[in-house]
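A.B. asks: Give me a 3D structure for the following:
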Amino acid sequence: MNYNSITKALSVLSHEGFHGVVKKIHEGYKQIEGVSYQQWYLSHCPTLDQLSKQREQKFQYNPLISIVTPVYNTPKKFLIAMIESVLDQTYANWELCIADASTNNDTYDTIKDLALKDSRIKVKRVVQNKGISGNSNIALEMASGEYIALLDHDDLLTPDALYEVITNINKDRNTDLLYSDEDKTDETGTNFFAPYFKPDFSIDLLRSNNYICHFLVIKNSLFNEAGKYFCREMDGAQDYDLILRCIEKTKNIKHITRVLYHWRVYKNSTAASASAKPYTHIAGKRALAQHLHRLGIKANVIDAPTHASNQYKILYTLTQTPFVSIIIPTCDHIDDLKKCVKSILDTINYEKYEILIVENNSKQKETFDYYNSLKSNRNIRVIRYPLGFNYSAINNWAIKHAKGEYIVLMNNDIELISYNWLHEMLSYCQRDDVGIVGSKLYYPDQTIQHAGVIIGMGGVADHAFKGAPKNYAGYFGRAILVQNLSAVTAALLMIKRNVFDSISGFDENLAVAFNDVDLCLKTRKNGFLIVFDPDVEAYHYESKSRGCEDTPEKKRRFHQEHNYFYKKWGKHYIDPYYNPNLTVKKNDFSLNLDNV
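C.D. replies: Just a heads-up that it's a prediction; the model follows:
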């Protein structure tokens with residue numbers, strides 16, 4: 001994984017221009033193992049025999065899908081390719097509704113000729129261009145299907161796109177909205193690159209950017225309930241606005257983990273660069289603000305800290321100022337603890353809190369001298385846990401002595417570097433749908449230690465992007481955007497006290513390993529979200545507290561906890577926030593090459 005890709009891309013753009021960037025993108029998607037995405041994609045495409053069988057497939061439910069496409073001065077070869085990609089669908093019950101606002105007659109004539117050959121193609125001439133939303137609404141008025149699909153005028157569907165949609169709808173007739181994975185293609189329409197293998201539905205990632213994008217299919221009844229039409233004031237982000245309106249009305253959302261859509265890249269296309277159309281960023285920001293307003297959520301939408309196009313950050317307003325307990329288990333390592341406590345006191349801007357230092361069998365005189373020096377601080381208490389080390393048991397015991405409505409769990413080898421971190425965590429954790437908020441942690445050498453936990457990675461679970469440079473954006477921004485995950489590390493997290501109590505706290509059978517993952521999975525099982533907030537940052541001097549699993553006793557204990565976790569959660573737990581087309585053998589979100 002090339003962690004300096006952004007810098008290199010800017011250099012290539014300066015010296016070789018747009019086409020040089022596209023060429024480098026192709027080259028950049030070569031894997032270390034020698035397999036390019038192009039090879040991977042072709043190996044995962046349905047064969048001709050499979051496509052033939054799809055055409056013969058009889059479904060119990062065969063709804064009409066209306067594909068809505070606004071057209072405006074589309075290059076002829078791209079227009080024909082788009083229409084042909086619809087004609088090639090293995091599921092036949094569709095209609096293509098095209099609103100043509102082109103300034104030339106050739107585009108309309110081309111569509112009309114194809115429509116004469118297939119009655120499923122409908123076209124309407126738009127005399128005066130009404131913009132992408134207005135033109136889409138005209139196309140929408142022609143639609144009579146039970147589902148509405150969105151297709152841009154220069155993009156391509158894979159032949160099995162509608163088949164996969166209908167297959168999933170037949171599995172669950174309550175499905176209201178479906179989206180798929182996607183990639184990009186160049187002017188030829190035969191070279192494929194930059195695949196986006198997405199997570200299942202993540203409300204916080206959606207509020208950070210429109211990750212759903214293509215291929216999008218919406219039940220017509222939901223479309224109508226969500227306002228029926230595209231909003232012209234959202235031109236450039238009209239799809240984002242529509243998605244936000246729809247997800248306010250339903251939770252029946254299905255992610256299809258297959259590439260069903262090829263997004264065309266050419267000069268000045270949105271796919272080539274969001275900065276080619278900067279108005280899309282402004283419109284997206286407006287759509288997100290209106291979404292929050294409709295839900296009655298008090299918040300401000302700002303640009304993401306990276307200032308990347310079409311990426312956003314929400315500043316939620318604190319509705320209350322609850323009491324917060326910060327719990328730090330410790331055993332000697334007094335220099336680490338001093339640094340940890342100092343960083344809390346230096347960065348905290350919140351009054352209603354306490355720090356509970358949980359003393360666990362320290363031996364050094366310096367440790368107790370330090371405890372004595374803290375007695376004058378009314379926000380700090382030292383409590384003694386007299387039994388042997390068991391991280392889960394220590395925290396369960398300490399939380400019983402805590403006063404807070406919200407609990408911050410913190411290792412003694414954490415050094416906070418974000419001001420406003422407690423306010424930031426509270427602003428997310430206060431939401432009714434959130435149970436836990438996690439942080440972004442760095443090694444002292446300025447590399448990422450934790451950017452969320454992926455279940456199944458490296459065996460049971462591992463940290464995303466571990467070892468990457470501190471400022472690395474990650475796969476489609478996954479290292480820098482607020483998002484939902486299955487788990488985060490307890491080295492620095494916040495949890496609601498009532499949520500902790502409702503799941504009976506930590507499982508004390510997991511004394512050292514996987515206890516935080518287990519805590520998060522129990523929280524998710526009870527219906528609460530886990531939020532990874534990369535704007536809560538700290539250094540984590542990992543392994544200083546306990547050391548590595550380097551003795552026979554520690555190795556034996558690790559394997560016992562490993563087996564216990566597997567037995568409890570199952571070997572085949574599938575992480576909904578990590579796409580199965582990505583490998584679990586590395587933590588860089590590279591391709592899963594097992595089936596190539």
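
A.B. asks: Now do the contacts for the nearest residue to residue 317 once chain neighbours are set aside.
C.D. replies: For residue 317, ignoring the flanking residues on the chain, the nearest one in space by CB to CB, 6 or more residues apart in numbering is residue 298 at 3.9 Å. Yep, even glycine has a C-beta here, placed from its N, CA and C like the rest. Counting by CB atoms under 8 Å, 6 or more residues apart in numbering, residue 298 makes contact with 316-317, 319.

A.B. asks: Of these, which is the most crowded?
C.D. replies: residue 316 (18 neighbours; other CB atoms under 10 Å).

A.B. asks: First-to-last residue distance for stretch 80-98?
C.D. replies: 13 Å (CA to CA, to the nearest Å).

A.B. asks: Let me see the mean pLDDT of it.
C.D. replies: Taken as a whole, stretch 80-98 has a mean pLDDT of 97.

A.B. asks: for stretch 444-462, same thing?
C.D. replies: 93.

A.B. asks: Stretch 475-491 now?
C.D. replies: Averaging pLDDT along stretch 475-491 yields 97.

A.B. asks: In CSV, list the C-alpha atoms belonging to that stretch.
C.D. replies: What follows is stretch 475-491, C-alpha atoms only, in CSV (Å, rounded to 0.1, in the frame of the first residue of the first chain):
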residue,chain,number,x,y,z
TYR,A,475,-9.0,3.5,2.1
PHE,A,476,-11.5,6.1,0.8
GLY,A,477,-10.9,8.2,3.9
ARG,A,478,-11.6,5.4,6.4
ALA,A,479,-8.7,6.5,8.6
ILE,A,480,-9.8,10.1,8.9
LEU,A,481,-13.6,10.1,8.8
VAL,A,482,-16.1,9.6,11.6
GLN,A,483,-17.8,6.2,11.0
ASN,A,484,-19.4,3.2,12.7
LEU,A,485,-17.4,0.1,13.4
SER,A,486,-17.9,-3.2,15.1
ALA,A,487,-15.3,-2.4,17.7
VAL,A,488,-12.8,0.1,19.0
THR,A,489,-10.0,-0.3,21.5
ALA,A,490,-10.6,0.3,25.2
ALA,A,491,-7.2,2.0,25.5
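
A.B. asks: Please, which helix or strand holds the residue nearest in space to the middle of the chain?
C.D. replies: Geometric centre of the chain, nearest residue: residue 205, 4.4 Å, by CA atoms, centre = their mean. Per DSSP states H and E, residue 205 falls inside helix 203-206.

A.B. asks: got the CA coordinates for the next helix or strand after that helix in CSV?
C.D. replies: Using DSSP H and E, the helix or strand that follows helix 203-206 towards the C-terminus is strand 216-219. C-alpha atoms of strand 216-219 as CSV (Å, rounded to 0.1, in the frame of the first residue of the first chain):
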residue,chain,number,x,y,z
LEU,A,216,-28.5,3.0,-5.9
VAL,A,217,-32.0,1.5,-6.1
ILE,A,218,-34.9,2.8,-4.1
LYS,A,219,-38.4,1.4,-3.6
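
A.B. asks: Which elements pack onto the host helix or strand of residue 263?
C.D. replies: Using DSSP H and E, residue 263 sits in strand 253-264. Taking 3 or more CB pairs under 8 Å, 6 or more residues apart in numbering; DSSP states H and E as contact, the helices and strands that strand 253-264 lies on are helix 37-44, strand 156-157, helix 161-171, strand 177-185, strand 192-196.

A.B. asks: which parts of the third one are buried?
C.D. replies: Going back to what we said before, that points to helix 161-171. 161-166, 168-169 (16 or more other CB atoms under 10 Å).

A.B. asks: can you check the first one too?
C.D. replies: Of the residues in helix 37-44, 37-41 count as buried by neighbour count, 16+ other CB under 10 Å.

A.B. asks: Closest to residue 50 out of those?
C.D. replies: Among those, residue 41 lies closest to residue 50 (CB to CB), at 15.1 Å.

A.B. asks: residues contacting that closest one?
C.D. replies: Contacts of residue 41 (CB under 8 Å, 6+ apart): 183, 192, 195, 259.

A.B. asks: how does it look with 6 Å?
C.D. replies: Applying CB atoms under 6 Å, 6 or more residues apart in numbering to residue 41 gives the contacts residue 192.

A.B. asks: picking up where we left off before, against which helices or strands is the helix holding residue 205 packed?
C.D. replies: strand 483-484 (3 or more CB pairs under 6 Å, 6 or more residues apart in numbering; DSSP states H and E).

A.B. asks: Could you tell me which strands the strand it packs on is paired with, and in which direction each runs?
C.D. replies: Note on strand 483-484: by DSSP bridges, its sheet partners are strand 529-540 (antiparallel).

A.B. asks: So what touches the strand it pairs with?
C.D. replies: Contacts for strand 529-540 (CB under 6 Å, 6+ apart): 204, 414-418, 421, 424-425, 428, 433-434, 436-442, 444, 449, 452, 480, 482-485, 488, 491-492, 520.

A.B. asks: could you pull out the helices for the stretch 1-150 of the chain?
C.D. replies: Using DSSP state H, counting those that start in this stretch, the helices found in the stretch 1-150 of the chain span residues 5-28, 37-44, 48-56, 76-87, 105-117, 131-141.

A.B. asks: Need the pLDDT of the residue nearest to residue 317.
C.D. replies: pLDDT at residue 298 comes out at 96.

A.B. asks: Now residue 318: which helix or strand?
C.D. replies: Counting by DSSP H and E, residue 318 is part of no helix or strand.

A.B. asks: returning to what we had before: walk me through which strands the strand holding residue 263 pairs with, and which way each runs.
C.D. replies: Within its sheet, strand 253-264 is paired with strand 156-157 (antiparallel), strand 177-185 (parallel), according to DSSP bridges.

A.B. asks: Next, the angle strand 192-196 makes with the longest one.
C.D. replies: This points to strand 177-185. Angle between the axes of strand 177-185 and strand 192-196 is 140 degrees (criterion: axes from the mean of the first three to the mean of the last three CA atoms, to 10 degrees).

A.B. asks: just the angle between strand 177-185 and helix 76-87, please?
C.D. replies: Using the same axes, to 10 degrees, strand 177-185 lies at 140 degrees relative to helix 76-87.
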